[in-house]
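# Make a model of this:
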Amino acid sequence: MSAPVTRPARSLGLRLLCLLLLTSLACNLSQTTEETATPTVTQASTPVIDRPTATNIPEPEPVAISALDQVQSAVVQIVAEGSFVDPYEGQQLNAFGAGSGFFISETGLILTNNHVVSGAAIIWVQVDGEETRRNARLLGVSECSDLAVLQIERRGDEAFPFLSWHENAAETGMNIYAAGYPLGDPEFTLTNGVVSKANANGNSVWASVDFVLEHDATLNPGNSGGPLVTADAKVIGVNYAAVFNTNQYFAISFAEVQQILPDLIDEKNVDAIGINGTVYFTEENEPLGIWVASVESG
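Got it, this is the predicted structure:
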């Protein structure tokens, strides 16, 4: 029997601890040099054409992804920046953590894991094909379901390519693909596998995910928040945890996401108490307590 899905919360200093060997998939990019680069807004060249009148300005076309070879354009790398105090690593100034996310609307809404952005002072997003990162604003989180929605900095009425949701129930044995930016690298990866369990155990001392998919598409730190998609590029889950020594990987099912997504988009937190911390354990995996690294203002 597989170990229960248990994802300890992660401070931005990225002390990645686990219960029963389960590990969250955020990637450590901690450093002491402050990043000063600011996303640059570049004005596109204007073709010499007749300008449309105010009554016939075309609306941005929706750009829903419909094929696997298009998935990369809708997946982003997320870099969270902040300063934290960790009981083992001490004070970490200007620490960075990296994860993945993906567009869920043409207006620039991004879905990721809560533990990727939890406690961050600044959130940066690297969009496929762009040279500079953009700022993003946190709209809503669910700590229990480990989900968060961001709004990326948008330039005018630009439309982003986005992923749609799988409409049928997940089935054991179905082919799936895990997309993201593992290990903090700028290189996009897409690994393939199958759903091992369509209803894995998602209860833990930290999170309480009702619908979890277990699969064998390889994940690495940094894959947190990336989409798990079907062969027709529909999102069936959000990757968030792994048991690396047994090659077991876990995604939050689309069934759970869709229950709370409207509230997160509406800037409402769901099952969240506003604490960013890390659970610590003895060598026998007995919980010692929670180190509270930060508390939401207000």
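# can you map out the helices along the stretch 51-200 of the chain?
Ranges of helices in the stretch 51-200 of the chain, per DSSP state H, counting those that start in this stretch, are 114-117.
# can you list the weak-confidence ranges in it?
51-62, 84-93 (pLDDT under 70).
# mind checking the longest strand of the chain?
strand 90-103 (DSSP state E).
# Quick check: which helices or strands does that one pack against?
Packing contacts for strand 90-103, counted by 3 or more C-beta pairs under 8 Å, 6 or more residues apart in numbering; DSSP states H and E, involve strand 27-28, strand 75-86, strand 109-112, helix 114-117, strand 175-180. C-beta: built from backbone N, CA, C; applies to glycine.
# Most tightly packed of the ones you listed?
When you average the neighbours per residue for each of the helices and strands packed on strand 90-103 (mean count of other C-beta atoms under 10 Å), helix 114-117 leads with a mean of 30.
# got CSV for the helices and strands packed on strand 90-103, with distance to Ala200 too?
As requested, these are exported to CSV (distance: least, C-beta to C-beta, whole Å):
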stretch, distance to Ala200
strand 27-28, 23
strand 75-86, 23
strand 109-112, 20
helix 114-117, 18
strand 175-180, 14
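# quick one: strands adjacent to the longest strand of the chain?
strand 27-28 (antiparallel), strand 75-86 (antiparallel), strand 109-112 (antiparallel) (DSSP bridges).
# and it with strand 175-180, angle?
130 degrees (axes from the mean of the first three to the mean of the last three C-alpha atoms, to 10 degrees).
# buried stuff in strand 90-103?
Gln92, Asn94, Ala95, Phe96, Gly97, Ala98, Gly99, Ser100, Gly101, Phe102, Phe103 (16 or more other C-beta atoms under 10 Å).
# Ok, stretch 155-168 next?
Ala159, Phe160, Pro161, Phe162, Leu163, His166.
# any residues touching it, and which ones?
41, 59-65, 70-71, 73-74, 102-109, 127, 152, 227, 229-230, 233-236, 254, 257-258 (C-beta atoms under 8 Å, 6 or more residues apart in numbering).
# Report the buried members of those residues.
64-65, 71, 73-74, 102-106, 108-109, 127, 152, 227, 229-230, 233-236, 254, 257.
# where's Pro182 relative to Gly99, distance?
Distance, Pro182 to Gly99, using C-beta to C-beta, to the nearest Å: 10 Å.
# what's the answer for Gln151, then?
17 Å.
# can you check Leu111 too?
Counting by C-beta to C-beta, the gap from Leu111 to Gly99 is 11 Å.
# Please enumerate the shared neighbours of those two.
Gly225.
# what's the angle between the helix or strand Ala241 falls within and strand 90-103?
Using DSSP states H and E, Ala241 sits in strand 235-243. On the basis of the same axes, to 10 degrees, strand 235-243 is oriented at 150 degrees to strand 90-103.
# top helix in this structure by residue count?
The longest helix of the chain (DSSP state H) is helix 254-265.
# What spatial separation is found between the closest residue in space to Ala80 that isn't next to it in sequence and Pro182?
Counting by C-beta to C-beta, 6 or more residues apart in numbering, Ala80 lies nearest to Ala120, which is 3.6 Å off, once chain neighbours are set aside. Between Ala120 and Pro182 the computed distance is 19 Å (C-beta to C-beta).
# is the closest residue to Val229 other than its chain neighbours in a bridge, and if so with what?
Closest residue in space to Val229, ignoring its immediate chain neighbours: Tyr177 at 5.1 Å, by C-beta to C-beta, 6+ apart. In this structure, Tyr177 bridges to Asn192, Val229 when assessed by DSSP bridges.
# wait, what's in contact with Tyr177?
Applying C-beta under 8 Å, 6+ apart, the residues near Tyr177 are Leu68, Val71, Leu190, Thr191, Asn192, Gly193, Ala217, Leu228, Val229, Thr230, Ala231.
# let's go with 6 Å and repeat that
Residues in contact with Tyr177 (C-beta atoms under 6 Å, 6 or more residues apart in numbering) are Leu190, Asn192, Val229.
# if we can go back for a sec, out of the helices and strands packed on strand 90-103, which comes closest to Cys144?
Distance to Cys144, taken as C-beta to C-beta, is lowest for helix 114-117 among the helices and strands packed on strand 90-103, at 8.9 Å.
# one step back: which one of the buried residues of strand 90-103 is nearest to Arg137?
Gly101 (13.2 Å).
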